[in-house]
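Student: The amino acid sequence is not available; the structure is as follows:
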């Protein structure tokens, strides 16, 4: 049985949760098991440990790990990253954007017509 998986990313979904949800979404997207719709994720792809020092008077925040997609791309958005750089999880082509509360619908909504994705037609979102 083949099941279609859609992952909705916006500031209330992937973008607001970072790390774990981005890792799962990236893995499903790279393995062509899910379609990502909405907005690019936050780009939180690192793990930090806080090491208390001087009896708690100070601390050292040390990055101890980073998350990489199965495709070999780093998920983390570095401070000097640009929009054109590879970071986070981008929506699949044709599935970018969200409703802007102005009454307009995003192009992937069902009333905008069916979309062809990875050999399947998505017609009811």
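Tutor: That came in fine, so what should we check first? Keep in mind that this is a model prediction, so the values were computed, not measured. Residues are numbered from 1 along each chain as shown.
Student: For residue 21, what are phi and psi?
Tutor: Backbone torsions of residue 21, given as degrees, to the nearest 10, read phi -70, psi -30.
Student: typo on my end, residue 83
Tutor: Torsion angles at residue 83 (phi, psi; degrees, to the nearest 10) stand at phi -60, psi -30.
Student: how far away is it from residue 67?
Tutor: Residue 83 sits 20 Å away from residue 67, going by C-beta to C-beta, to the nearest Å. For the C-beta atoms, the positions are set from N, CA and C on the backbone; glycine is no exception.
Student: Check the burial of residue 75 by counting its neighbours.
Tutor: Using other C-beta atoms under 10 Å, residue 75 is surrounded by 24 other residues.
Student: The closest residue to it other than its chain neighbours: what's it in contact with?
Tutor: Excluding its sequence neighbours, the residue lying closest to residue 75 (C-beta to C-beta, 6 or more residues apart in numbering) is residue 45, at 3.1 Å. Applying C-beta atoms under 8 Å, 6 or more residues apart in numbering, we find residue 45 in contact with 19, 22-23, 66-68, 74-77, 87-88.
Student: can you check residue 36 too?
Tutor: Counted by C-beta under 8 Å, 6+ apart, residue 36 has contacts 7, 9, 25, 29, 89-92, 95.
Student: Count the residues that sit near residue 78.
Tutor: Using other C-beta under 10 Å, residue 78 is surrounded by 12 other residues.
Student: tell me the pLDDT at it?
Tutor: On the pLDDT scale, residue 78 is placed at 92.
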